[in-house]
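Asker: coordinates only, no sequence provided:
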């Protein structure tokens, strides 16, 4: 039986993945620490690394093109940007694993 995923289903998967600590499940490598990327500038390579991790842990994302799944940002103030995982028109804020603090530059 094939299940058709809606954008909202994928959004919930990504939110769960972002909230799951690295190796958060015994015997499974699911979950990464976006905070690892925090001290690096969020450039194309860093964004690609994050999207690669997501595609490795959530194979359903391999079906999405780079236009459908990307990293977006907005200026919060002069020194800070808010980064998001973007699925089509849906924006999912990227937060650290230990707080509600957003990843910024």
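Answerer: All right, it came through fine. Just so you know, these numbers come straight off a predicted model, no measurement behind them. Residues are numbered from 1 along each chain as shown.
Asker: how far away is the nearest residue in space to residue 34 that is not next to it in sequence from residue 81?
Answerer: Distances taken as CB to CB, 6 or more residues apart in numbering put residue 94 closest to residue 34, at 5.5 Å, once the chain neighbours are dropped. To be clear about C-beta, it is placed using only N, CA and C from the backbone, and glycine gets the same treatment. Here the criterion is CB to CB, to the nearest Å. By it, residue 94 lies 11 Å from residue 81.
Asker: repeat for residue 71
Answerer: Taken as CB to CB, the span from residue 71 to residue 81 is 11 Å.
Asker: the two: who's more crowded?
Answerer: For residue 71 versus residue 81, the count of surrounding residues by other CB atoms under 10 Å is larger for residue 71: 19 against 16.
Asker: dump the residue contacts of residue 11.
Answerer: Neighbour list for residue 11: 87, 90, 92 [criterion: CB atoms under 8 Å, 6 or more residues apart in numbering].
Asker: try it again at 6 Å.
Answerer: With contact set as CB atoms under 6 Å, 6 or more residues apart in numbering, residue 11 has these partners: residue 90.
Asker: check which helix or strand covers it.
Answerer: Taking DSSP states H and E as the definition, one finds residue 11 inside helix 7-19.
Asker: so how far is that helix off the chain centroid?
Answerer: 9 Å (CA atoms, centre = their mean, to the nearest Å).
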